[in-house]
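> Sequence unavailable; structure follows:
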């Protein structure tokens, strides 16, 4: 009889916990999300050992995750080859943690491309297949790869939001760099549907929003791609964030250089590139010609290989860090 009672007790316990969702990060003193961008499949990727030492809970690829665009044909043959090669370059341990991704121009299909790219839907299918996005995910049924996920981290509700700055983006004011701000307010960065979706997500109750944009939001003092090329769209996004009253971090890539920016209480970490930094001589020449002195930049730009982390500890403290090829902190800021 004791054996039967013990067996029934085990069954009862199993049934009790079968539908219980354990909060994330119950066995650790901190929760760490890694971020990186601009990682070509055509080169070695020596940055992974440093990232592995972070003991990440998840990693977020922020675009230019392969370099498969073909400027001559615009076709996706090179994209397929790039994805196949990249699978062999990623470390196996990435399969043991949560991985998310958005795209930028070079894994979208056209350098600096937007809505005008004719194969964007086909490219989206390739992207979702490569990142093994579940077939019941909304991204398979809508135009664009934007998404959001909620994390419960040490009693903090964290909303992780990935934007698509390619699929619906209106043409830039010029056909090639340098790009200047566009005054035409009918042009868009996200498109109507994605804007409505984002407004809804920012209306949701959370303790921290992490918004991932492939291109920079806060900086305006350069001639490359940025939200500032659509000043009305940049202003709209910043206003929405401020009106939400929720602490927010923006993470961006694209630039092949890195830095931390602060606009009022809004923080942006730009982390780029993981293995395709600007050559040193180009960086020095560029600094002589037009050194970036954006008033929102904290410290200096960082040119060599890099990645970023956002660390949340049990006390609710949030630390944003930019790290180099050896895992050393180059710059950091705490979210207040």
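Thanks, I have it. Predicted, not measured: the structure shown is a model, and the values here were computed from it. Numbering: from 1, shown residues only.
> all helices of this protein, in order?
If DSSP state H is used as the criterion, the helices of the chain fall at 2-17, 48-52, 77-89, 105-108, 120-130, 192-203, 231-244, 280-290.
> nearest to residue 252, of those helices?
Among the helices of the chain, the nearest to residue 252 by C-beta to C-beta is helix 231-244 (12.0 Å). C-beta: built from backbone N, CA, C; applies to glycine.
> Please spell out which residues along that closest one are buried.
For helix 231-244, the neighbour count (16 or more other C-beta atoms under 10 Å) marks 232, 233, 234, 236, 237, 238, 240, 241, 244 as buried.
> Distance to residue 150 and pLDDT added to the residues you listed, as CSV?
CSV is the format used below for the buried residues of helix 231-244 (distance: C-beta to C-beta, whole Å; pLDDT from 0 to 100):
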residue, distance to residue 150, pLDDT
232, 30, 98
233, 25, 98
234, 26, 98
236, 24, 98
237, 20, 98
238, 23, 98
240, 18, 98
241, 18, 98
244, 15, 97
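> and which of those residues is nearest to residue 292?
residue 234 (17.1 Å).
> That closest one is in contact with residue 227, isn't it?
Yes: with contacts counted by C-beta atoms under 8 Å, residue 234 reaches residue 227, the gap being 4.0 Å.
> Tell me the buried residues in stretch 313-333?
Judged by neighbour count using 16+ other C-beta under 10 Å, the buried positions of stretch 313-333 are 313, 318-325, 330-333.
> and those, which of them are in strands?
When these are checked against strands using DSSP state E, the ones located there are 313, 318, 319, 320, 321, 322, 323, 324, 330, 331, 332, 333.
> from the residues you listed, which two are the most distant?
Within these, 313 and 324 form the most distant pair, 22.5 Å apart (C-beta to C-beta).
> who's in contact with the closest residue to residue 319 other than its chain neighbours?
Computed as C-beta to C-beta, 6 or more residues apart in numbering, the closest residue to residue 319 that is not its neighbour in sequence is residue 311, at 4.6 Å. Applying C-beta atoms under 8 Å, 6 or more residues apart in numbering, one finds that residue 311 lies in contact with 30, 31, 32, 33, 318, 319, 321.
> how does it look with 6 Å?
Applying C-beta atoms under 6 Å, 6 or more residues apart in numbering, one finds that residue 311 lies in contact with 30, 32, 319.
> picking up where we left off before, quick one: which of the buried residues of helix 231-244 is nearest to residue 282?
For residue 282, the nearest member of the buried residues of helix 231-244 is residue 234. The distance, counting by C-beta to C-beta, is 27.2 Å.
> Distance of that closest one relative to residue 219?
Using C-beta to C-beta, to the nearest Å, one gets 10 Å for the distance from residue 234 to residue 219.
> ok, the most centrally placed residue in the chain - contacts?
To find the centre residue of the chain, average its C-alpha atoms and take the closest one (C-alpha atoms, centre = their mean): that gives residue 62, at 3.4 Å. Contact analysis of residue 62 by C-beta under 6 Å, 6+ apart lists 35, 37, 212, 214, 253.
> and the first one, what are its bridge partners?
Right, the one you point to is residue 35. residue 60, residue 308 (DSSP bridges).
> returning to that earlier point: how about JSON lines for the contacts of residue 311, with pLDDT added?
As requested, the contacts of residue 311 are arranged in JSON lines below (pLDDT from 0 to 100):
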{"residue": "30", "pLDDT": "97"}
{"residue": "32", "pLDDT": "98"}
{"residue": "319", "pLDDT": "98"}
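> Identify all contacting residues around stretch 184-192.
165, 168, 169, 170, 230, 232, 233.
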